[in-house]
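1. take this sequence and fold it.
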Amino acid sequence: MSTLHYPAVFRQESDGRVNVRFPDLPGAVTDGADAAEAYAEAIDCLGSYISVSMTRKEPIPSASVAKRRQRLIPVPLWIAPKFALYQTMMRQAVTNRELARRLGVTEAVIRRMLDPEHASKPGKIEIALAALRQRISLTLEDAA
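-> Numbering: from 1, shown residues only. Okay, the predicted model is just below:
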């Protein structure tokens, strides 16, 4: 089981702004006027980083375990199912063509499922994950 969140380091700057960086994701940095804005910006930054990496077909490092003073940032819902499919295919070395064969669809269908800009139906991604012997679930937690 893997969870869809990444640890981030929040650092208060001398000018009052809060800087955020993701140790696992080189170049994924953002900031906010205060802690709440920085947290919201961190979620957006994480989603954008994943989206761009998927579009470029680049490997995306797995999340490490959060260390002391790191906060876990959830992968935003708009990209999480596609990211789960992308990571699973990479981990299992399953090509678009192979997944299309397993599902009895064209390769173009798989490309659309993996396209961050395409509005894929979550049920279709669930079926694709099932073909890879995975399932995605949503957990509701108290905000801290």
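
2. what sits against I60?
-> I60 makes contact with L25, I50, S53, M54, F83, Y86, Q87, M90 under the criterion C-beta atoms under 8 Å, 6 or more residues apart in numbering. C-beta coordinates here come from the backbone N, C-alpha and C atoms, glycine included.

3. report the buried members of those residues.
-> Among the contacts of I60, the ones that count as buried by 16 or more other C-beta atoms under 10 Å are L25, I50, S53, M54, F83, Y86, Q87.

4. K82: neighbour count?
-> 23 (other C-beta atoms under 10 Å).

5. who's in contact with it?
-> With C-beta under 8 Å, 6+ apart, K82 has these contacts: M54, M113, L114, D115, P116, S120, I125.

6. most neighbours out of those, which is it?
-> Most neighbours among these, by other C-beta under 10 Å: M113, with 25 neighbours.

7. name the element I50 belongs to?
-> Assigned by DSSP states H and E, I50 belongs to helix 35-55.

8. biggest strand in the chain by residues?
-> Ranked by number of residues, the top strand in the chain under DSSP state E is strand 5-12.

9. give the buried residues for the next helix or strand after that one.
-> Sequence-wise, the next helix or strand downstream of strand 5-12 (DSSP H and E) is strand 18-21. For strand 18-21, burial by neighbour count (16+ other C-beta under 10 Å) applies to V18, V20, R21.

10. in terms of secondary structure, what does strand 18-21 contact?
-> strand 5-12, strand 29-32, helix 35-55 (3 or more C-beta pairs under 8 Å, 6 or more residues apart in numbering; DSSP states H and E).

11. so can I have TSV of the ones you listed showing mean pLDDT?
-> Formatted as TSV, the helices and strands packed on strand 18-21 follow (pLDDT from 0 to 100):
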stretch	mean pLDDT
strand 5-12	96
strand 29-32	96
helix 35-55	97
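
12. and of these, who's closest to Q70?
-> Proximity to Q70 (C-beta to C-beta) singles out strand 5-12 among the helices and strands packed on strand 18-21, at 4.0 Å.

13. output that closest one in CSV with nothing but the alpha carbons.
-> What follows is strand 5-12, C-alpha atoms only, in CSV (Å, rounded to 0.1, in the frame of the first residue of the first chain):
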residue,chain,number,x,y,z
HIS,A,5,1.4,12.4,-0.1
TYR,A,6,4.9,13.9,0.0
PRO,A,7,6.9,15.4,2.9
ALA,A,8,7.6,19.1,2.7
VAL,A,9,9.8,21.4,4.7
PHE,A,10,8.3,24.7,5.7
ARG,A,11,10.6,27.5,6.7
GLN,A,12,9.7,30.9,8.0
